[in-house]
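Asks: quick one: sequence plus predicted model below, questions after.
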Amino acid sequence: MRWDLTMEPSIILDFLNSIFLQIPGLNSGPLGSENPLVKGMIGSAFGIVGVAIALNLFNAIIKRKMVDQNKLKRLMRETRTWQKERMAAFRAKDQEKIDEINKKSAYMNKMNMELMQINMRPMMITFVPLILIFYFVLPHLFAYTVAIAPMSLNFVPGDFFQLTCTAAKVAESQLPNHHHICNHVNEVYFWAWYFLCSISFSGIVMRLTKTTMDLD
């Protein structure tokens, strides 16, 4: 996958579509149940994989229905070509070419905004049902943690974006009048497992449904 400006709208929206899932949990604690319907980590892990794939398929189907793929790829191809030409001119230090290309900047910014709007339309439809499922259905099906990572996945400093249990969380879970959330260090929270599965399978689902942003 090539990381250029034409790819950013889709990548950003896919990321936000997943990361928003944890925001209400910042104050209420990790999502999940102490007595879930799905018992055991193996069943829970594979169950969430299925949910992530199903929701990605739902998103892709809505996107195919709402987005003109030919127009989308035409806009992407045009903006990508302009960006390549601009980058080549900067590398060659060809000021005349740079000035000529920059004359189209306002037009290309307008096209990039249109690309963002095209990609946001399906998200506006899928976001609400996804949130409802995630907060009112899945927490009753699965426990707080559903897998064990070989190492800590808490790469972001602070407590904002913790994917796995810490020693402090394990100790806290053993205290009276506290939710029994973590049994072992590096257990993966159920929302985090969904987040990882969703990101992992989104590219595959988009390719299968031909909704990928890749022009190759």
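Replies: Looks like it came in fine.
Asks: show the average pLDDT along the longest helix belonging to the chain.
Replies: As assigned by DSSP state H, the longest helix anywhere in the chain is helix 105-136. Helix 105-136 comes out with an average pLDDT of 84.
Asks: mind giving me the packing neighbours of the next helix or strand after that helix?
Replies: Next along the chain after helix 105-136, taking DSSP states H and E as the criterion, comes helix 138-141. Using 3 or more C-beta pairs under 8 Å, 6 or more residues apart in numbering; DSSP states H and E as the contact test, the elements touching helix 138-141 are helix 41-66, helix 190-208. Any C-beta I mention is one placed from the backbone N, CA and C, and that applies to glycine too.
Asks: now these in CSV, with mean neighbour count and mean pLDDT?
Replies: Putting these into CSV (neighbours: other C-beta atoms under 10 Å; pLDDT from 0 to 100) gives the following:
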stretch, mean neighbour count, mean pLDDT
helix 41-66, 17, 91
helix 190-208, 20, 88
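Asks: out of those, which gets nearest to residue 130?
Replies: helix 41-66 (6.0 Å; C-beta to C-beta).
Asks: circling back to that earlier point, may I see the helices and strands packed on helix 138-141 arranged in a markdown table, with distance to residue 183 as well?
Replies: Putting these into a markdown table (distance: least, C-beta to C-beta, whole Å) gives the following:
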| stretch | distance to residue 183 |
| --- | --- |
| helix 41-66 | 10 |
| helix 190-208 | 13 |
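Asks: out of these, flag the one nearest residue 181.
Replies: Of all those, it is helix 190-208 that lies closest to residue 181, at 10.1 Å by C-beta to C-beta.
Asks: residues touching the closest residue to residue 208 other than its chain neighbours, list them.
Replies: Counting by C-beta to C-beta, 6 or more residues apart in numbering, residue 60 is the residue found nearest to residue 208 once chain neighbours are left out, at 8.0 Å. Residues counted as contacts of residue 60 (C-beta atoms under 8 Å, 6 or more residues apart in numbering) are 205-206, 208-209, 211.
Asks: pull the most distant pair out of those residues.
Replies: Pairwise over the contacts of residue 60, using C-beta to C-beta, the maximum falls at 208 and 211, 8.9 Å.
Asks: go through the longest helix of the chain and flag the buried ones.
Replies: Judged by neighbour count using 16 or more other C-beta atoms under 10 Å, the buried positions of helix 105-136 are 108, 111-112, 115, 118-119, 122-123, 126-127, 130, 134.
Asks: possible to save the residues you listed as CSV with distance to residue 69?
Replies: Below are the buried residues of helix 105-136 laid out as CSV (distance: C-beta to C-beta, whole Å):
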residue, distance to residue 69
108, 21
111, 16
112, 18
115, 13
118, 10
119, 12
122, 12
123, 16
126, 17
127, 21
130, 22
134, 28
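Asks: ok, of these, which one's closest to residue 33?
Replies: residue 134 (13.6 Å).
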